[in-house]
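Asker: Sequence isn't available, so here's the structure alone:
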């Protein structure tokens, strides 16, 4: 079992605030790191898949960075909006298996107050 | 095109009954995955199908759980003799090829299973 840790568990911010949260994963045998957003009553939606150390991805106001040597990724949201309220999940493929198995963290639950 | 479709969206059953959950993946997607999220827990891998290869069943929690994928498309997850600890949201996902670890997963909206 691969240990994928996310922090904080929950976060409450005001509209307009910028925020960030962390995903920690095993740095040995790194292959890829996934970020998903899961809004209540909807399907989890892929945000990014990151594979290279130092990689930075951006989608609108959301961006992510990756440090494979120290085993962490940061997700940043600039100018949070109420529609950003969701649980943000990171996931790590098991290189020891068929690579089809993703290990998910427990997520960071973000609430953005208007 | 249509996304991943799951049915039913909600299922309430009595302890000891069998249940079947259905997943219709995105057309043309070779890989299909089942996950579940129990209350307060993270997403837990259950089973992975890729094309005609033998499925990776390593995440199935007990022999009461089984899954099949017919014709490389629709999948059914069956839970026999349900227990209260089986209560969870069961999510299905698909991806174009699978087996790379770098493909985004496309998730359905899940089946909320409640075992009374």
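Answerer: On my side now, so go ahead. Keep in mind that this is a model prediction, so the values were computed, not measured. Numbering: from 1, shown residues only, chains lettered A, B, ... in the order given.
Asker: what ranges of chain B fall below the confidence cut-off?
Answerer: Across chain B, the ranges flagged by pLDDT under 70 are B:1.
Asker: Alongside chain A, which residues does it contribute?
Answerer: With C-beta under 8 Å from any C-beta of the partner chain as the criterion, chain B meets chain A at residues B:3-4, B:31, B:33, B:35, B:41-45, B:48, B:50, B:53, B:56, B:58-59, B:91, B:93, B:98-110. No exception for glycine: its C-beta is placed from N, CA and C like everyone else's.
Asker: Buried only: go through those for me.
Answerer: B:4, B:31, B:33, B:35, B:42-45, B:48, B:50, B:56, B:59, B:91, B:93, B:98-110 (16 or more other C-beta atoms under 10 Å in any protein chain shown).
Asker: my guess is residue B:31 meets residue B:95, correct?
Answerer: Yes - at 4.6 Å, residue B:31 counts as touching residue B:95 under the criterion of C-beta atoms under 8 Å.
Asker: Inside strands: which ones of the buried ones among the residues of chain B next to chain A?
Answerer: B:31, B:33, B:35, B:44-45, B:48, B:50, B:91, B:93, B:106-107 (DSSP state E).
Asker: Could you list the contact residues of chain A toward chain B?
Answerer: A:4, A:31-32, A:34, A:36, A:41-46, A:49, A:51, A:89, A:91, A:93, A:95, A:97-107.
Asker: Selecting buried members of the residues you listed in ChimeraX, what would you type?
Answerer: The buried residues among the residues of chain A next to chain B can be selected in ChimeraX (16+ other C-beta under 10 Å) with this line:
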select /A:4,32,34,36,43,44,46,49,89,91,93,95,98,99,100,101,102,103,104,105,106,107
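Asker: Any idea what the residue nearest the centre of chain B is bridged to?
Answerer: Most central in chain B under C-alpha atoms, centre = their mean is residue B:34, positioned 3.0 Å from the mean C-alpha point. Taking DSSP bridges as the rule, residue B:34 bridges to residue B:47, residue B:92.
Asker: contacting residues for it?
Answerer: The contact partners of residue B:34, by C-beta atoms under 8 Å, 6 or more residues apart in numbering or on different chains, come to B:23, B:46-48, B:67, B:75, B:77, B:90-93.
Asker: Please pick the buried ones from the residues you listed.
Answerer: B:23, B:46-48, B:67, B:75, B:77, B:90-93.
Asker: Show me which pair in those is furthest apart.
Answerer: Largest separation among those by C-beta to C-beta: B:48 and B:90, giving 14.4 Å.
Asker: What segments of chain A are strands?
Answerer: A:5-7, A:10-14, A:19-24, A:33-38, A:45-50, A:56-59, A:62-67, A:72-77, A:86-93, A:102-104, A:108-113.
Asker: And the buried ones among the contacts of residue B:34, which is closest to residue A:8?
Answerer: Among the buried ones among the contacts of residue B:34, and counting by C-beta to C-beta, the member closest to residue A:8 is residue B:91, at 23.6 Å.
Asker: And the closest one, how far from residue B:9?
Answerer: 12 Å (C-beta to C-beta, to the nearest Å).
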